[in-house]
Every structure is written in C-alpha cells, then in structure tokens.
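*Asks:* My questions concern the predicted model and sequence given below.
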Amino acid sequence: MIAMQYSFTLPADYDMAIVRQRIAEKGHMLDHFDGLRFKTYLHAERGATSTENLYAPFYVWHDSAAMQRFLGSEGFVRLTQAFGWPVIRLWPVWDIHASSDTQQARYATRDVQPIAPHTALDTLREEQRAALQHDVERGALAAVSAFEPTRWTRVNFRLWSRTPPAGQPGQWYHVGHVSQP
C-alpha cells in the first residue's frame, strides 16, 4: 500500500468556506474509486491548531496502478487547475488500521519526522506499530504508519471522531469527507 498527500497552502485571508464547499460538492466523487483504501479531504484554518490555511487531502492506495489512474484522471486535472501543481509526498505503508467507523472521522493528525541515518528499520517499524496500536486504543478510527526512503522520513496519520488527545504531535486538520469504497 502507498500513502499519498499533497498540500496547498492558501493565503492567510483566504475564505476557507470555499474549500469546505468544494469538499461538500466533490467529496463523494471518489467514494468508489477502484484501488483506493481511503481518501480524507482535509483542511486546516490558520489559528490555534494550524499556522496556515491548508487544503491537504491524504490517500491510502492499494497499489501504484490505482494511484496512477487517479493522477491521470480529469478530477486531478481540475484540482490542479483550481489550486496549482502540487508536490506529492509518497510513503510505502508499514501498517494500517481502519475501523468500520472511519467515515465518522471529524479530525485528523499527521506527524512527519526524520529517520536518522543507519536506523534499524525493523526496530523503528515495531515502535511505530506500538504507537499505532496505542492511538487506536485511545480512539483513533484509522491509523497509518509509513516511511519514505528518499528523504528518510516516517509518517503517522490518524483519524479521530472527536478532538485528538492532548499532546498529539504534528499538523491537525478538520475532515470534510472520507471516501472509502
């Protein structure tokens, strides 16, 4: 599986109602996309939980063929026409948990951290698996643990039905819609 995210930083005075409306109108369009494990339509408003206004969808694909079909689709073309040409981050997935209630998510957290040179990746994966399980026990509806070996980063992505637990690291988002075939 592959985790994927792109993020658009919007001006500080941008009307985020435009993003929320776009999600409400178009979110359902990937509800049955073949090869998609799930897509979360994420946005963050500048303030207490974000330093910037963001539109930042996060995907988990079953394989690269499905991801490529999406990136070659008219929907992606329309997205780039509306927001610009994004840098897309990809992470091979180590572990994933997605409950049957994933579509009830209202918040998401994403924490990206560097992996130090010569780190024992099997040990790190086990540590990340334990962190994933801990967050599921604390109420995460979905949890993804993945890594990226070009810049050597790891990502922990979580979906929550209520405000994430205090001290949850990384970027916080609001979830506008979850597409899950």
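*Replies:* Yep, it's here. Numbering: from 1, shown residues only.
*Asks:* what number of residues lie near Arg154?
*Replies:* When neighbours are counted by other C-beta atoms under 10 Å, Arg154 registers 21. Using the backbone N, CA and C atoms, a C-beta is placed for each residue, glycine as well.
*Asks:* ok, it touching Gln128?
*Replies:* Yes. Arg154 is in contact with Gln128 according to C-beta atoms under 8 Å; the separation is 6.5 Å.
*Asks:* Would you mind grabbing the residues shared as contacts by the two?
*Replies:* Ser145 (C-beta atoms under 8 Å, 6 or more residues apart in numbering).
*Asks:* Go ahead and confirm Asp101 touches Ser161.
*Replies:* Yes. Applying C-beta under 8 Å as the test, Asp101 and Ser161 come out as touching, 7.0 Å apart.
*Asks:* and the longest strand seen in the chain, what does it pack onto?
*Replies:* Longest among the strand segments of the chain by residue count, using DSSP state E, is strand 88-98. Packing contacts for strand 88-98, counted by 3 or more C-beta pairs under 8 Å, 6 or more residues apart in numbering; DSSP states H and E, involve strand 2-6, strand 36-44, strand 58-61, helix 121-137, strand 142-148, strand 153-160.
*Asks:* Let me know the helix or strand that Phe70 is in.
*Replies:* helix 64-71 (DSSP states H and E).
*Asks:* Which is the succeeding secondary structure element to that helix?
*Replies:* In N-to-C order, the element after helix 64-71 by DSSP H and E is helix 74-83.
*Asks:* Between Asp101 and Ser161, tell me which one has more neighbours.
*Replies:* Legend: neighbour count by other C-beta under 10 Å for Asp101 and Ser161, higher for Ser161 (16 against 12).
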